[in-house]
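# fold the following and give me the result.
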Amino acid sequence: MAKKKTKRKSTKRKTTRRKSSRKKGGLSSFLKSLKQTQQQLTRTLSVLITVVVIVLAGYYAVTGADPLGIFSKIAPSAGPTAVGSGGDWWQVYFTNPKAASDPNNLKGSIPEKLIDRINQAQRTIHIAAFEFNLTPVAEALIAAQERGVTVQWVTDDEHGLGADHEADHGQFALLQAAGIEVKDDDRSALMHNKFWIFDEQVVWTGSTNITVNGNFRNNNNVLVLESPAVAAIYEREFAELWRGEFGPTSPSTVAEQTATVEGTPIQILFAAEDEVASQLVPLLNNAQQSIHFMAFAFTHDALGTAIQDRFQAGVEVKGIFEVRGSETEYSELPQQFCAGMAVRQDGNPQTFHHKVFIVDNQTVVTGSFNFSDNADESNDENVVIITHRDIAAEYQKEFERRWQEATELDPAEINC
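Numbers count the residues shown, from 1 in each chain. Below is the predicted model:
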């Protein structure tokens, strides 16, 4: 009997060990399954995060907007950078006063790009520009003259040659001493153009005065077009100015001021002879999706009415105004704000100097032309209307950058 009892105890111990083994095996399998589940969740989450980051990065690249503040915190502030497309026949530059604010350091600045153009010129440099006080640009022009390039400059009497005696000026005197001829308009209205023509091949224009403020403190843009056809249009206008034909009585050749470059339609307008505002109103009236604008001055009623009509028809309208003068009875800002349009005042403590419309994310209007009666009826101005989605995208990115730093209006301060 003792022997049989011992055998039963042995069987019980084996059974206990088998049960224990099964328990350990079940726990191990559970832990392994849990680990696999965690790994799968980690992989899925990583994929989702990657997708979200890619989508946001694409949105940031296209619009310049950063809703979560991801890229603006890690990316350096964009300096004035050239962007080329379509065989490199166009470039767009924007000033960046926060990043490029030292006139003694031209690296990466718009004046550096301009000096590069001057240094490349072989035959002619024709300039119609409102103001000037950048000595390195004067030195580059003098060097061009010395190597045989013909340099001619038309400027404003009061703000150009008349201001050359002021502090930090004297650059026109340097040009004249080197044998470069400079003429002014000698009249009360402004010679407000900002265009350069190189070798009858390249046009440099936009809102940027060739000054310290214009390039290192104010918000501005430059559009460069490498097109003999466009250059020929500007050369004809420059010849008029050089002959002393200014203002609304100068001859208009508006019917001959269009060109197509690699499939891109371009129209050039000159104030005051081309009645610029009446040419812009139909463009605004045809907007189907959006009108975004950046305005140093916006007091022209017909342009304001055209925008309001499209807003009431369901077109998205967003605009940024230079603070100074924007709340006066003459400005379009109060009417637009009271009508419900998304308008803001700029965030630059210096000057917001753009004169830009972006229509339907494809057409850009830029140049020296402020949206005012004086610009339309009295001054000498130039305007480019160009339909090109890549160019429009660059201007839209600048709009978004400036929109983020602009200030929303206080309803209590606007009398609706």
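# which is the next helix or strand following the helix or strand bottoming out on mean pLDDT in the chain?
Least confident helix or strand of the chain, by mean pLDDT, DSSP states H and E, is helix 71-74 with a mean of 38. Sequence-wise, the next helix or strand downstream of helix 71-74 (DSSP states H and E) is strand 90-94.
# what is that following strand packed up against?
Helices and strands touching strand 90-94, as assessed by 3 or more C-beta pairs under 8 Å, 6 or more residues apart in numbering; DSSP states H and E, comprise helix 110-120, strand 221-226, helix 389-405. Yep, even glycine has a C-beta here, placed from its N, CA and C like the rest.
# chain center to that strand: distance?
Relative to its parent chain, strand 90-94 has a centroid offset of 8 Å by C-alpha atoms, centre = their mean, to the nearest Å.
# ranking the helices and strands packed on strand 90-94 by burial, who's on top?
Stretch with highest mean neighbour count among these: strand 221-226 (a mean of 23; mean count of other C-beta atoms under 10 Å).
# on that earlier part again, just put the helices and strands packed on strand 90-94 in TSV and tack on distance to residue 376 and mean pLDDT.
Shown next, in TSV, are the helices and strands packed on strand 90-94 (distance: least, C-beta to C-beta, whole Å; pLDDT from 0 to 100):
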stretch	distance to residue 376	mean pLDDT
helix 110-120	27	97
strand 221-226	20	97
helix 389-405	22	96
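# residue 186 is nearest to which of the ones you listed?
Minimum separation from residue 186 across these (C-beta to C-beta) falls at helix 110-120, 26.5 Å.
# compute the inter-axis angle for that closest one and strand 90-94.
150 degrees (axes from the mean of the first three to the mean of the last three C-alpha atoms, to 10 degrees).
# next, the angle from helix 110-120 to strand 221-226.
20 degrees.
# packing partners for helix 110-120?
Identification of packing neighbours for helix 110-120 by 3+ C-beta pairs under 8 Å, 6+ apart yields strand 90-94, helix 135-146, strand 194-198, strand 202-206, strand 221-226.
# could those go into JSON lines alongside distance to residue 391?
Output for the helices and strands packed on helix 110-120, formatted as JSON lines (distance: least, C-beta to C-beta, whole Å):
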{"stretch": "strand 90-94", "distance to residue 391": "6"}
{"stretch": "helix 135-146", "distance to residue 391": "25"}
{"stretch": "strand 194-198", "distance to residue 391": "17"}
{"stretch": "strand 202-206", "distance to residue 391": "12"}
{"stretch": "strand 221-226", "distance to residue 391": "8"}
